[in-house]
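**Q** this is a predicted model, with the sequence first.
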Amino acid sequence: QNYPLYIRSVPTENELKFHYTVHTSLDVVDEKISAMGKALVDQRELYLGLLYPTEDYKVYGYVTNSKVKFVMVVDSSNTALRDNEIRSMFRKLHNSYTDIMCNPFYNPGDRIHSRAFDTMVNSMMMQAC
C-alpha cells in the first residue's frame, strides 16, 4: 500500500528530501513492475537496479515475490558501490525483513521496531559510506 514500514537516513538534516525521493521512486517501481508483467510471477525476487539517478543521489529498487518494496538512496559521488554490492545489500535487507516477519509478536503492516534490524541497517550504511 506504499506506506513506509522503516525509514533510516544519514545525515538526518535532509530527511524530508529523502522521504520525497523515496515516495517518488515508488512510482518508478510500480512502472517497472507493470512493464514486466507475467515475467515477475516466475521470479522469486526482483532486483530492479537503478531506478533513476539525480544530481546528488542514485536510487535503487528491489521487490520481493510478496510485493514488498525496498528502496535505497545512495550518494552519487560514491563510486565504490557497484551493482553487485547493491544487490547483496538488498538480499541482506530482505533476509532481515524475513526474520522480522517470522517473529510471532510482529503484526504485518506495523512499523518495524527491531534492534537486530537497526543494527543490520547501520552496518550496511557504514559499509556504504
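**A** Done, it's in. Numbers count the residues shown, from 1 in each chain.
**Q** and the helices in this protein?
**A** For the chain, the helices defined by DSSP state H occupy 15-36, 39-42, 83-101, 115-128.
**Q** check the ones you listed for me: which has the lowest mean pLDDT.
**A** Mean pLDDT values for the helices of the chain show the minimum at helix 39-42, a mean of 56.
**Q** His94 is in contact with Thr64, correct?
**A** Yes: contact between Thr64 and His94 holds when scored by CB atoms under 8 Å: they sit 6.1 Å apart. All C-beta spots, glycine's among them, are computed from the backbone N, C-alpha and C.
**Q** what residues are up against Val59?
**A** Going by CB atoms under 8 Å, 6 or more residues apart in numbering, Val59 touches Thr21, Val22, Ser25, Val28, Leu50, Leu51, Tyr52, Pro53, Val71, Met72, Val73, Val74.
**Q** hmm, 6 Å instead?
**A** Ser25, Leu51, Tyr52, Val73 (CB atoms under 6 Å, 6 or more residues apart in numbering).
**Q** and the last one, how far is that from Asn103?
**A** I take that to be Val73. 27 Å (CB to CB, to the nearest Å).
**Q** for Leu48, grab the count of nearby residues.
**A** Residues lying near Leu48 (other CB atoms under 10 Å) number 20.
**Q** excluding chain neighbours, what is closest to it?
**A** Nearest residue to Leu48, sequence neighbours excluded (CB to CB, 6 or more residues apart in numbering): Gly61, at 3.8 Å.
**Q** may I have the beta-bridge partners of that neighbour?
**A** Gly49, Val71 (DSSP bridges).
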